[in-house]
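1. heads up, no residue letters with this:
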DNA sequence: TTCACTGCAAATAGTTTGCACATAG
DNA sequence: CTATGTGCAAACTATTTGCAGTGAA
């Protein structure tokens, strides 16, 4: 799916920051690396911070919060409200939607094309520009319907 | 839209509870009345509790939380994650979707038919049963796009 | 009368902030 | 060198829970 190997995706985002005159710090690199490495795991912020600390025990949870906020401001990261209380972050390029089972909590990635008609109608009928990637669909997964 | 006038919608839900052998209390009646009265205002839980207290100063915030949870268990109420931190409740019969502007926070009600294709594809391709009414679409409203 | 419900206060979870020190540029 | 970023502790917000008293059936 990615036209560019993961390895350089972080490097690319870091040079983008540098080109904007932003500082590149250990925490920023570590957060981006973790988001790329665990991209499929839909980790909450605290869980993400735990993984980051495996390699960087000195990076504080509050720094992860601040860094994620910063990276969102920079447009490099988006967030999704997955389960009821958990917020999950992902790099902006990984645009996908989620369906979350209200029963078991599992998150399923959805193809963006599923939202084509919906976005078009929202634009036409309400002038509303959907921010894809932020949508979460709740319901019952196949297993939990049984 | 409703086949039944608002006035009796609460009464109806209360008799349903009674018919199940559940207790009808002041708090339960007050919460349902407020949900019906302010159905278009997308109130958060705390704000809802404030309105309820105008008439029933003795109903505690924690009771509102517990009552909403109870009414959800009974299937009479659903909740929606509207803005980033706010959870809003509405009576289950008022099934509609929301688009929330990430910029000004306004919520727009959407026609359910917009989700027909999406629900069908989720069912067909993933065996996932969408719980309509729980979906929130983020993005920019027409005004804030300017 | 009896057991579910409620008020209150205190606990918890997730997130944010002030401040002094560390570090990228 | 100097502004920006970070660690830490403490504050905050939304929500939940334990317990003893209240009230619906």
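-> Perfect, I can see it now. Nothing here was measured: the structure is a model prediction, and the numbers come from that model. Residues are numbered from 1 along each chain as shown, chains lettered A, B, ... in the order given.
2. Dihedrals phi and psi, residue A:105?
-> Taking degrees, to the nearest 10, you get phi 80, psi 0 for the backbone angles of residue A:105.
3. That should have said residue A:117, apologies.
-> phi -70, psi -40.
4. Now it. Nearest residue, chain neighbours left out?
-> By the measure of C-beta to C-beta, 6 or more residues apart in numbering or on different chains, the closest residue to residue A:117 outside its immediate chain neighbours is residue B:117, 5.2 Å from it. In short, each C-beta sits where N, CA and C put it, glycine included.
5. measure residue A:11 to chain B for me?
-> Here residue A:11 is placed at a distance of 29 Å from chain B (C-beta to the nearest C-beta, to the nearest Å).
6. any idea of the mean pLDDT in the helix or strand where that residue lies?
-> Take DSSP states H and E as the rule and residue A:11 turns out to sit in helix A:6-19. Averaging the model's pLDDT scores along helix A:6-19 yields 90.
7. ok, that helix near DNA strand C or not?
-> Yes. For helix A:6-19 and DNA strand C, the contact criterion (C-beta under 7 Å from any atom of the strand) is met by residue A:18.
8. what helices or strands is that helix leaning on?
-> Secondary structure elements in contact with helix A:6-19, counted by 3 or more C-beta pairs under 8 Å, 6 or more residues apart in numbering or on different chains; DSSP states H and E, are helix A:26-37.
9. check whether whatever helix or strand comes next after the helix it packs on contacts DNA strand C.
-> Scanning forward in sequence from helix A:26-37, with DSSP H and E defining helices and strands, the next element found is helix A:45-55. Yes. Judged by C-beta under 7 Å from any atom of the strand, helix A:45-55 and DNA strand C are in contact via A:45-46.
10. From residue B:109, how far off is the residue nearest to residue A:117?
-> 19 Å (C-beta to C-beta, to the nearest Å).
11. ok and the residue in chain A nearest DNA strand C?
-> Chain A approaches DNA strand C most closely through residue A:62 (3.3 Å), counting by C-beta to the nearest atom of the strand.
12. Check the spacing between that residue and residue A:68 real quick.
-> Counting by C-beta to C-beta, the gap between residue A:62 and residue A:68 amounts to 11 Å.
13. So which of those two has more stuff around it?
-> A direct count of neighbours by other C-beta atoms under 10 Å in any protein chain shown for residue A:62 and residue A:68 places residue A:68 higher, at 20 against 9.
14. Reduced to three states, what does the residue nearest to that one when sequence neighbours are not counted come out as?
-> The shortest distance from residue A:68 to any non-neighbouring residue, by C-beta to C-beta, 6+ apart, is to residue A:89 (5.2 Å). Using DSSP: H, G, I helix; E, B strand; the rest coil, the structure places residue A:89 in strand.
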